[in-house]
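1. Could you work out the structure for the sequence below:
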Amino acid sequence: QVQLQESGPGLVKPSQMLSLICAVSGGSITTAPYAWSWIRQPPGKGLEWVASIAYDGTPYYSPSLKSRTSIWMDTSKDQFTLHLNSVTPEDTAVYYCARGPQNAVGGDYAEYDSWGQGIQVTVSS
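-> Just a heads-up that it's a prediction; the model follows:
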């Protein structure tokens, strides 16, 4: 049973960078055909895909966030990291990390079979 755990700051100031880590246990992040994703839910809104990284290291980015986002994996630690630059209050959300098939990246969340519990991130001065 794969388990995911998010970690990072709960409060970030506007214009700063948000850094989130997802630690994976019970399985390897290099196992095909999976991709590892960051998905967020702003208050009162639905889920929004942010970025993913596949088992082979291929990154995928939401077009609306691509210019501010980086994702990579550390295979020695079975964890993957998200950086979101130049944050604004509109980036306030619960951020989830999740696993799904590579062919479902950015698509049907019903295909995702493992989720972290989520971490609240607030952007405020």
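2. which one is the most centrally placed residue in the chain nearest to, not counting chain neighbours?
-> Nearest residue to the geometric centre of the chain (C-alpha atoms, centre = their mean): W38, 1.8 Å. Among residues not flanking W38 along the chain, V50 sits closest, at 4.3 Å (C-beta to C-beta, 6 or more residues apart in numbering). Using the backbone N, CA and C atoms, a C-beta is placed for each residue, glycine as well.
3. now I29
-> That would be D78: by C-beta to C-beta, 6+ apart, it lies 5.1 Å from I29.
4. which stretch of helix or strand covers P9?
-> Following DSSP states H and E, there is no helix or strand that holds P9.
5. Got the phi and psi for it?
-> The phi and psi torsions at P9 (degrees, to the nearest 10) take the values phi -80, psi 150.
6. So that it lines up with my notes, have the first residue be 663 from now on.
-> OK, 663 is where the count begins now, so the last one is P671.
7. so which helix or strand takes in the closest residue in space to Q741 that isn't next to it in sequence?
-> The spatial neighbour of Q741 that comes closest, neighbours along the chain excluded (C-beta to C-beta, 6+ apart), is A685 at 4.7 Å. Using DSSP H and E, A685 sits within strand 680-687.
8. Let me see the mean pLDDT of that strand.
-> Strand 680-687 shows a mean pLDDT of 98.
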